[in-house]
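K.L.:
pasting a predicted model and its sequence here:
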Amino acid sequence: MKTEQPRLYSDFASWFHLLTPPSGYGEEAEFARQLMSNGTGSPVKSVLELGCGGGNNASHLKAHFTMTLTDLSPAMLAQSRRLNPECEHIEGNMCSMRLAREFDAVFVHDAVCHLTVPEDLIACMKTAFVHCRPGGVAVFMPDSVRERFQPAVHHGGHEGDGRSIRYLEWAFDADPGDTTYTVDFAYMLREGNGPLRVERDTLVMGLFSREQWLTWLCEVGFDPRVIEDPCGREVFVGVRRA
C-alpha cells in the first residue's frame, strides 16, 4: 500500500486551515450528518472517521456524534487535535486499521481519493465494514467518479495569525484509461511582512467508476446506493448487512 504523503499533509500541515478553513465545511458536514442519521433504522451516536485530515468536518459533526478521528499523518492529526480536543484521535492507515470495536457509522470524506489502485480502495471499504455495526451505515464522499471527472482550476487563500497563504490548484487527467488523476498545487506563503515564498506540491488521486464503487461495496458486505450532494458530486452510502 502506498503511504507516501503529499507535502500538504507534512511540510505544510500547519498551513492547512488557512488553505481550507473549517468554517467552509458546515454545509458539507450537515449533508453527511443527514446521510448517517437517516441511513440506518436506529439512532447514530458513535462515528468513526477514516482520514480526518485537519478535522474540518469533525468540527461540525462533533456537536451531533461522538467522533473517533483517524489519519495516517501525525502532522494533520496534530491540527485536528487543536481544533477538536474533545475527540479521540488515532494514527493509522484507513486500508489496514483495526480497532477491535464497532461504530454506528463510518465516515470517509475526500481522503479516500488518495487511494489510487482498486486493492487499496477495497481494503478501505473492508476497514469501514469491520468497524460498522450490523445495520450501521458507511458514507464515502470522493471528489469525483470516472464518469463525471472534469479538469478544473481553483484558487484561494486566507489570512491567519501573522501569516497568509494564496494557492492555485490545477486538476487534470493525463490518461483517461487508468485509475488516477493529478492535482498540482502552487502555494504562495508569507510570514508577517516577510518575503513571499513559493512552493509546489503534486497529489496523485484515485478515480474509479460508479459501477466499481457499487460493486466493491456490495462485495465487501454493504447494501450500497448513490446520492448526489448539493455540489453535484456522487456520494456512496452503504448499510452493513448483518
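P.N.:
All right, it came through fine. Residues are numbered from 1 along each chain as shown.

K.L.:
mean confidence for the longest strand anywhere in the chain?
P.N.:
Determined from DSSP state E, the single longest strand within the chain is strand 180-191. The pLDDT scores in strand 180-191 average 98.

K.L.:
partners of it in the sheet?
P.N.:
strand 163-172 (antiparallel), strand 197-206 (antiparallel) (DSSP bridges).

K.L.:
which of the ones you listed sits closest to residue 146?
P.N.:
Of all the strands paired with strand 180-191, strand 197-206 sits nearest to residue 146, with 9.9 Å by CB to CB. No exception for glycine: its C-beta is placed from N, CA and C like everyone else's.

K.L.:
what's in contact with that closest one?
P.N.:
6-8, 11-12, 112-117, 120-121, 142-143, 171, 179-191 (CB atoms under 8 Å, 6 or more residues apart in numbering).

K.L.:
turn the strands paired with strand 180-191 into a markdown table, columns for mean pLDDT, distance to residue 155 and mean neighbour count.
P.N.:
Formatted as a markdown table, these follow (pLDDT from 0 to 100; distance: least, CB to CB, whole Å; neighbours: other CB atoms under 10 Å):
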| stretch | mean pLDDT | distance to residue 155 | mean neighbour count |
| --- | --- | --- | --- |
| strand 163-172 | 98 | 5 | 17 |
| strand 197-206 | 97 | 14 | 15 |
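
K.L.:
residue 239 sits in which helix or strand?
P.N.:
strand 234-240 (DSSP states H and E).

K.L.:
what's that strand packed up against?
P.N.:
helix 26-38, strand 132-140, helix 210-220, strand 222-228 (3 or more CB pairs under 8 Å, 6 or more residues apart in numbering; DSSP states H and E).

K.L.:
swap the cut-off to 10 Å and go again
P.N.:
Judged by 3 or more CB pairs under 10 Å, 6 or more residues apart in numbering; DSSP states H and E, strand 234-240 is in contact with helix 26-38, strand 103-108, helix 118-131, strand 132-140, helix 210-220, strand 222-228.
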